[in-house]
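> coordinates only, sequence not included:
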Ligand code: SER
């Protein structure tokens with residue numbers, strides 16, 4: 001069996017996609033790679049781990065040949081707000097990293113998964129029911145790298161036969177790995193504050209509606225699109241996928257149904273707000289539904305209930321560990 005390589009395995013998506021793939025394909029068949037020398041024990045003990053800087057094409061090629069890799073999930077990237085603070089670093093990681101992955105994939109006949117984003121759209125894109133094919137004029141460096149990444153993946157498919165496929169993810173919400181540097185991070189941070197009994201200071205205005213998805217759906221979508229029959233794929237990079245759409249105010253009200261004492265105030269971050277104002281409120285994901293059977297499992301109430309349950313267990317576990325030290 002050809003093995004799978006997950007690049008960015010210690011990041012927001014990789015932390016959950018890697019165990020998902022290992023449960024499905026066997027721990028030894030999924031190689032986790034990240035920039036950290038020492039990942040967490042769960043990742044290290046469940047299968048092989050390699051430290052990798054994806055900007056180093058030679059090391060990537062060695063990894064692919066050593067392990068006989070057939071599919072690469074390439075997740076390493078700077079998120080939107082972090083990229084805005086360091087545009088050149090974002091280009092180097094998000095673009096040159098992807099170029100290296102596609103070059104190595106072309107040389108070694110690997111399939112490639114590329115996560116694009118709502119960030120691949122911009123202020124001139126329709127924000128409601130954003131079509132699969134529409135105007136893409138992003139005005140952030142993150143969006144520029146995502147749009148260019150989509151096109152580069154399609155180019156390598158057409159020109160060199162690389163089986164490159166991708167999804168445009170909305171904001172992703174997870175209780176496992178914190179995102180870091182994204183515009184949609186508030187939708188994760190708010191749960192930590194609520195469970196710690198703290199007031200949450202939201203960096204986006206109360207009515208900022210954005211497209212969102214719970215991580216179990218995102219992991220399943222990534223695996224499903226890579227396992228889909230290629231004959232049915234009218235698009236490759238990248239399919240719109242969505243699950244829910246809400247404002248900070250609506251998320252706050254949903255959390256308060258479980259934790260009535262929770263409170264939130266606002267201190268709008270102009271950088272994040274400007275980014276969010278150019279992103280879709282909700283994408284039209286009918287092409288993904290039709291072509292490979294995409295269907296989300298979590299809406300806002302289901303996601304919030306599961307987040308609160310899982311995150312509170314995790315935070316309690318950490319508290320117990322601290323007390324025992
Ligand atoms: N969640 C990402 C961000 O906020 C968007 O893809 O940057």
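Arrived safely. Everything numeric here is computed off the predicted structure, so don't read it as measured data.
> use CA for all of it now, contacts and neighbours both
Noted.
> show me where this protein dips below the pLDDT cut-off.
Within the chain, the ranges that satisfy pLDDT under 70 run 1, 320-325.
> near the ligand, which residues of the stretch 151-300 of the chain?
Counting by CA under 6 Å from any ligand atom, the positions of the stretch 151-300 of the chain adjacent to the ligand are 170-172, 182-184.
> between these, which has the most around it?
residue 170 (28 neighbours; other CA atoms under 10 Å).
> pretty sure that one contacts residue 213?
Yes - applying CA atoms under 8 Å, one finds residue 170 in contact with residue 213, separated by 6.1 Å.
> and the contacts of the stretch of helix or strand residue 105 belongs to?
Element membership of residue 105, judged by DSSP states H and E, is helix 97-108. Under the contact criterion CA atoms under 8 Å, 6 or more residues apart in numbering, helix 97-108 has outside partners 54-57, 60-61, 64-65, 72, 74, 76, 110-112, 149, 152-153, 156, 160-162.
> same check, this time on stretch 6-15
17-18, 30-36, 39, 43, 52, 54, 72-77, 174, 176-179, 215, 219.
> which of those are buried?
Buried subset of the contacts of stretch 6-15 (neighbour count, 16 or more other CA atoms under 10 Å): 17-18, 30-35, 39, 43, 52, 54, 72-77, 174, 177-179, 215, 219.
> quick one: residues contacting the closest residue to residue 188 other than its chain neighbours.
Nearest residue to residue 188 in three dimensions, chain neighbours excluded: residue 173, at 5.6 Å (CA to CA, 6 or more residues apart in numbering). Contacts for residue 173 were tallied using CA under 8 Å, 6+ apart; they are 185, 187-188, 212-215.
> looking at these, which is nearest residue 265?
Nearest to residue 265 among the contacts of residue 173: residue 187, at 14.0 Å, using CA to CA.
> name the nearest residue to that closest one, sequence neighbours excluded.
residue 173 (6.6 Å).
> following the strand or helix carrying residue 33, which helix or strand comes up?
Under the criterion of DSSP H and E, residue 33 resides in strand 30-34. Next helix or strand after strand 30-34 toward the C-terminus (DSSP H and E): helix 41-45.
> identify the residues contacting the helix or strand just after that next one?
The C-terminal neighbour of helix 41-45 among helices and strands, as given by DSSP H and E, is strand 49-51. Contact partners of strand 49-51, identified using CA under 8 Å, 6+ apart, comprise 31-38, 43.
> give the partner strands of strand 49-51 in its sheet and their orientations.
strand 30-34 (parallel) (DSSP bridges).
> ok, back up a step: tell me the residues that contact both of residue 170 and residue 213, please.
What both residue 170 and residue 213 touch, as defined by CA under 8 Å, 6+ apart, is the set residue 242.
> first-to-last residue distance for stretch 230-238?
Counting by CA to CA, to the nearest Å, the length from the leading to the trailing residue of stretch 230-238 is 14 Å.
> give me the buried stretch members for it, please.
233, 235-238.
> what's the offset of that stretch from the middle of its chain?
20 Å (CA atoms, centre = their mean, to the nearest Å).
> what residues does it touch?
114-116, 150-151, 153-154, 164-168, 291-292.
> kindly report the same for stretch 261-276.
80-81, 140, 183-184, 194, 197-206, 208, 210, 252, 255-256.
> among these, which are located in helices?
The members of the contacts of stretch 261-276 that map onto helices under DSSP state H are 80-81, 194, 252, 255-256.
> give me the longest helix you can find in this structure.
Every helix in the chain considered (DSSP H), the longest is helix 300-324.
> helices or strands next to that one in the packing?
Counting by 3 or more CA pairs under 8 Å, 6 or more residues apart in numbering; DSSP states H and E, the packing neighbours recorded for helix 300-324 are helix 186-195, strand 244-246, helix 248-258.
> mind listing what's buried along it?
Quick answer for helix 300-324 (16+ other CA under 10 Å): 300, 303-304, 306-308, 311-312.
> go on, stretch 41-59?
For stretch 41-59, by 16+ other CA under 10 Å, it's 43, 46-55, 57.
> now those residues in JSON lines, with distance to residue 85?
As requested, these are arranged in JSON lines below (distance: CA to CA, whole Å):
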{"residue": "43", "distance to residue 85": "30"}
{"residue": "46", "distance to residue 85": "35"}
{"residue": "47", "distance to residue 85": "35"}
{"residue": "48", "distance to residue 85": "33"}
{"residue": "49", "distance to residue 85": "30"}
{"residue": "50", "distance to residue 85": "28"}
{"residue": "51", "distance to residue 85": "25"}
{"residue": "52", "distance to residue 85": "23"}
{"residue": "53", "distance to residue 85": "21"}
{"residue": "54", "distance to residue 85": "21"}
{"residue": "55", "distance to residue 85": "20"}
{"residue": "57", "distance to residue 85": "25"}
